[in-house]
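Chemist: Predicted model and sequence follow; I will ask about them next.
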Amino acid sequence: MTRGRWYFSTDSEADFSVALLEIRSIFPQELPLLLSLGGLRVVERFGDWSRAPLTADAALQLYVCAPD
């Protein structure tokens, strides 16, 4: 679990709001099951914003889902 803080600022007001974050990494093998348990089905998945394939070397996971 990664913990941190997200600071919200504008040009006129610095750090007007702070949100605590708790981020859990999810392995690619876990995510389809978690999505299906939430009533979604995977339509497409990518390894980056340019729609590159999701591979073991991908820096992130992007899933396009639809209601099941």
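Modeler: Nice, I can see it.
Chemist: count of residues packed around L20?
Modeler: Residues near L20, counting by other CB atoms under 10 Å, number 8. Just so you know, the C-beta spots here come from the backbone N, C-alpha and C atoms, and that holds for glycine as well.
Chemist: now the one 10 residues further on
Modeler: Number of residues near E30 (other CB under 10 Å) recorded here: 10.
Chemist: Tell me which residues touch it, please.
Modeler: By CB atoms under 8 Å, 6 or more residues apart in numbering, no residues touch E30.
Chemist: How about the one 5 residues further on?
Modeler: With contact taken as CB under 8 Å, 6+ apart, L35 is in contact with R41, V42, Y63, C65.
Chemist: closest to L20 among these?
Modeler: Y63 (25.2 Å; CB to CB).
Chemist: Quick check: that closest one touching V42?
Modeler: Yes. Here Y63 reaches V42: they are 5.7 Å apart, a contact under CB atoms under 8 Å.
Chemist: can you count the residues close to A52?
Modeler: Other residues within reach of A52, judged by other CB under 10 Å, total 13.
Chemist: Sticking with it, tell me its helix or strand.
Modeler: If you go by DSSP states H and E, A52 is not part of any helix or strand.
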